[in-house]
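>>> give me the fold of what follows.
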Amino acid sequence: MFIRCFGKVAEEPYTMPYTRARVYSLEELCYYIKNNIYTITEEFFTKSLVIWLREQADQPKLADKLDVMITNKNKLKDLVVTILCACDYYREKEIRELIRVIDEIVSLPLHEKRKIRADNYMRAGLYAKSVVAYKKLLNGPYASSFTPEAYGNILHNQGIAHFFTASFESAGRDFKEAYARNHRAESLNHYLYLLLMQGKTEDFERECITHGMNNAQLEAIRSRFNEAKARIHTHSVDEDEINKYKEDLRKAAGSAV
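As a prediction, this is how the structure comes out:
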């Protein structure tokens, strides 16, 4: 997407703390914040952002102002508005609408805010930290605050984090239980694919039948697995296939539910 930039285009980009997206100008930073507002928290505004604004984006006054606000622990709305009002990329009406959205986010129940934070940890690749956060949500006092579907979605995201920090077994249990609660095809497919990765073909076929999958659906999943195996020159599927599946999970992590 083309973004109009009236200020300096930085030689070195600023990398977002959660999504790893890169921006090269104040206008791109504004665009990112507005279009990812549900993942933006006070933690987004760091000293490294201040340094980048001062040294790369040629925004010394904004950097100084933001530095003081971060030190004083200003509210999220103040931080966002300060950035967006530093250039003319958005109109006043658009900024006011964003303020309304921020007010909605701020008024979210505490358990919803903590889920957003856990999801942000996962998007940032901080899988161990996200596992701890998800476990607190699933097993703590906030568990009863989630609907069955929302609880299942947390289990799904925990499964992604467990894949990178624990074992196929742990991740598989998460995906299986997640599907029982949220009924999302993605959760079921992750679970079935993990069974194939572990060589549990009988369990895979039994689970496909149990979940009412027809032969075409079963073979589609098996075909995807076999195509990955065919690309491997050795008879071992482990390393290459794991890396392929990890890439799939990284994409899933980028759109945590």
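>>> counting neighbours, what do you get for H190?
25 (other Cβ atoms under 10 Å). Backbone N, C-alpha and C define where each C-beta goes, glycine included.
>>> measure it to E11 for me?
40 Å (Cβ to Cβ, to the nearest Å).
>>> next up, the contacts around the nearest residue to H190 once chain neighbours are set aside.
Nearest-residue entry for H190: F175, 4.4 Å, with adjacent residues in sequence omitted and distances by Cβ to Cβ, 6 or more residues apart in numbering. F175 makes contact with L155, H156, G159, S187, L188, H190, Y191, L194, according to Cβ atoms under 8 Å, 6 or more residues apart in numbering.
>>> in what helix or strand does the fourth one lie?
Yep, that's S187 we're talking about. In the assignment (DSSP states H and E), S187 maps to helix 185-197.
>>> and the third one, by the same measure?
Secondary structure here is read from DSSP H and E; on that basis G159 sits in helix 148-165.
>>> what helices or strands is that helix leaning on?
Secondary-structure packing of helix 148-165 (3 or more Cβ pairs under 8 Å, 6 or more residues apart in numbering; DSSP states H and E): helix 110-123, helix 127-139, helix 168-182, helix 185-197, helix 238-253.
>>> worst mean pLDDT among those?
When these are compared by mean pLDDT, helix 238-253 comes last with a mean of 58.
>>> quickly name whichever of the contacts of F175 is closest to N226.
L194 (15.6 Å; Cβ to Cβ).
>>> that closest one is in contact with S170, isn't it?
No: taking contacts as Cβ atoms under 8 Å, L194 lies outside contact range of S170: 10.1 Å.
>>> those two: which has the busier surroundings?
Set L194 next to S170 and count neighbours by other Cβ under 10 Å: L194 wins out with 23 against 16.
>>> the spatially closest residue to that one that is not a sequence neighbour: neighbour count?
Sequence neighbours aside, G172 is the residue nearest to L194 in space, at 4.4 Å (criterion: Cβ to Cβ, 6+ apart). Using other Cβ under 10 Å, G172 has 23 other residues around it.
>>> just checking, G172 touches L195?
Yes: contact criterion Cβ under 8 Å: G172 and L195 qualify, at 6.8 Å.
>>> where along the stretch 1-150 of the chain do the helices fall?
26-35, 47-55, 60-71, 76-84, 92-106, 110-123, 127-139, 148-165 (DSSP state H, counting those that start in this stretch).
>>> most tightly surrounded among the ones you listed?
helix 148-165 (a mean of 22; mean count of other Cβ atoms under 10 Å).
>>> and it, what's its mean pLDDT?
94.
>>> could you dump it to CSV, C-alpha only?
Presented in CSV, the C-alpha positions along helix 148-165 are these (Å, rounded to 0.1, in the frame of the first residue of the first chain):
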residue,chain,number,x,y,z
PRO,A,148,-17.1,-21.4,25.7
GLU,A,149,-16.0,-20.1,22.3
ALA,A,150,-13.7,-17.4,23.7
TYR,A,151,-12.2,-20.0,26.1
GLY,A,152,-11.6,-22.3,23.2
ASN,A,153,-9.9,-19.5,21.3
ILE,A,154,-7.5,-18.9,24.2
LEU,A,155,-6.7,-22.7,24.2
HIS,A,156,-6.0,-22.4,20.4
ASN,A,157,-3.6,-19.6,20.9
GLN,A,158,-2.0,-21.4,23.8
GLY,A,159,-1.5,-24.4,21.5
ILE,A,160,0.4,-22.2,19.1
ALA,A,161,2.6,-21.0,22.0
HIS,A,162,3.0,-24.6,23.3
PHE,A,163,4.2,-25.8,19.9
PHE,A,164,7.2,-23.5,20.2
THR,A,165,7.9,-24.0,23.9
